[in-house]
Structures are given as C-alpha cells and as structure tokens.
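1. Build the 3D model from these lines:
(one chain, ligands or ions: 1)
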Amino acid sequence: MKIICCNNYAEMSCVGAGMVADVIKNKPDCVLGLATGSTPEGLYAELISMCDKGELDFSAVTTVNLDEYYPISPENEQSYRYFMNTKLFDHVNIDKANTYVPDGSAADAAAEAARYEAFVRGLGGADIQILGIGRNGHIAFNEPAEALHPATHVTALTADTIDANARFFASADEVPTKALTMGMGTILSAKKIIILANGKGKREAVKAMLAGTVSTSCPASFLNLHADVTLICDRDAYEG
Ligand code: GLP
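-> Have a look, this model is predicted:
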C-alpha cells in the first residue's frame, strides 16, 4: 500500500481529488466508486471547484456508491443518496441517471443486494474507488466479524458504528440498524483504490490496517491484497 501523509485535512482532500480528477481526465466515461461519511466531503468540494473552473467534466461519468442504510427512503436527509446529491451530484455536470446508490427503500433487501452486485460487476468494477475507514476498521459497512462477505449484502451495523454515526441523526435510536453494502470482493474489484483517514480517532484503525496481516477483525486490512491502493491521511491518523 502506498502512503501519502498530508499536513492537514485540506491537503488530504486536494491530493485525493487530484487522483480522482486524473482518472476522469484519462477516461471521461469512467466509473467512480464513491463513499459517504464526513471524511470525503473535502474531496468532493475540491471536485466541485474543479468542475466550476471548467477543469473537470462529469458528463460521461458513472458513479456507484458503496452502501446505504436499510431501510431508508432516498428522500431522508440522512440517506446516503441524499448525501451524494447534496455534497456532489447537485453541483457538477453529472447526469443523475448515471449515479447509483443501493436502494434503501427496496422491499426485498437481499434481492436489492444481488441486483446491485450484478450491476456493479456488469460495469466491470470501479476505475477508482474512494474509501473512508470506520474507527473500528470497517470499510463501507463491512464490519469486523468472524467472516466477511465477498459480495453486496444486507448487514447489521455494530453498536460502535451506530454510535459513531448517531451524530448525523437526532439520536442513536434513529440510526437504522441495517445497511446494504458492497462486499469485500466488490470493493477489491476496483482497478484503483484510495482510502482517506484523518484525525486521531482513526489512528488505531489505520495502524491495524497497516499491521502487515490480513484479518477479518480489521476489514480494511484486506486492502493489502490489492495491487493499487493508496492511503491518503493526515498526521493525526498516521503518527502514533
Ligand atoms: C460510515 C460509512 C463508511 C465510512 C465510515 C467513516 O459508516 N459506511 O463508508 O467510511 O463510516 O465515516 P466518517 O468519514 O464520517 O468518519
């Protein structure tokens, strides 16, 4: 895994956006794998700024998001669909019909997971996948467990993740307890992966990811199996 340790969040966001921009410039009809959470917000703001300046063209880009709460309506302000619309899609020249997020309002979650998996695989995987990391080492909603799933699936969220994400909801009780998430194999099918981490709260997870072993107790450690992964982080997340 390559490591780019930045001085601060702004620099981390610029470096990440630069790598995404390079993919779009080299392949205008690329597939971007997108993540939610607070970490990539700065990267998305940079992409918006590049698009505003006419440096970046999203008109032929397709996006696939990692995950979505279940059940949740796409109109719910806490849904990942709403997040993506407001943090990126509404502000760039992308065709919203080419933006895909697992459907948290599907009646049959398992069927939606299977449909989404087939869809992402049919696209050939993402040209670049953006990831954040949970403080317990999760990626997307692949939580630490005895076994991990290769494909998109329905998962129960851990108490730690519900607690971590409660800040976006009125209370922890309102955080959905399940999610639809790409599996480890879906994520690893991306041609290139960048994983962003900032702040002291991510230090332990980053340390476990870089420990040199692959363990289901730290799903992010599976990224060590991929040939083209870059960790872009700040000093707080990296230095012990
Ligand atoms: C969420 C998302 C992940 C994200 C992580 C970290 O639960 N499912 O994709 O990377 O938690 O979130 P944040 O960036 O807000 O710390």
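2. List phi and psi for the closest residue to residue 200 other than its chain neighbours.
-> Nearest residue to residue 200, sequence neighbours excluded (Cβ to Cβ, 6 or more residues apart in numbering): residue 236, at 4.7 Å. Using the backbone N, CA and C atoms, a C-beta is placed for each residue, glycine as well. Residue 236 has phi and psi values of phi -60, psi -40 when expressed as degrees, to the nearest 10.
3. who touches residue 236 in this structure?
-> The neighbours of residue 236, taking Cβ atoms under 8 Å, 6 or more residues apart in numbering as the test, are 198-200, 202-203.
4. Would you check which pair of these lies furthest apart?
-> Pairwise distances across the contacts of residue 236 peak at 10.2 Å for 198 and 203 (criterion: Cβ to Cβ).
5. Who has more neighbours out of those two?
-> residue 198 (24 against 18; other Cβ atoms under 10 Å).
6. Just give the nearest non-adjacent residue to that one, would you?
-> In this structure, residue 198 finds its nearest non-sequential neighbour in residue 234, 4.3 Å apart by Cβ to Cβ, 6+ apart.
7. what about the one you found, distance to residue 197?
-> To residue 197, residue 234 is 8 Å away according to Cβ to Cβ, to the nearest Å.
8. Kindly report the same for residue 167.
-> To residue 197, residue 167 is 17 Å away according to Cβ to Cβ.
9. Look at the two and report which has more neighbours.
-> Set residue 167 next to residue 197 and count neighbours by other Cβ under 10 Å: residue 197 wins out with 24 against 9.
10. I'm done for today, thanks for sticking with me.
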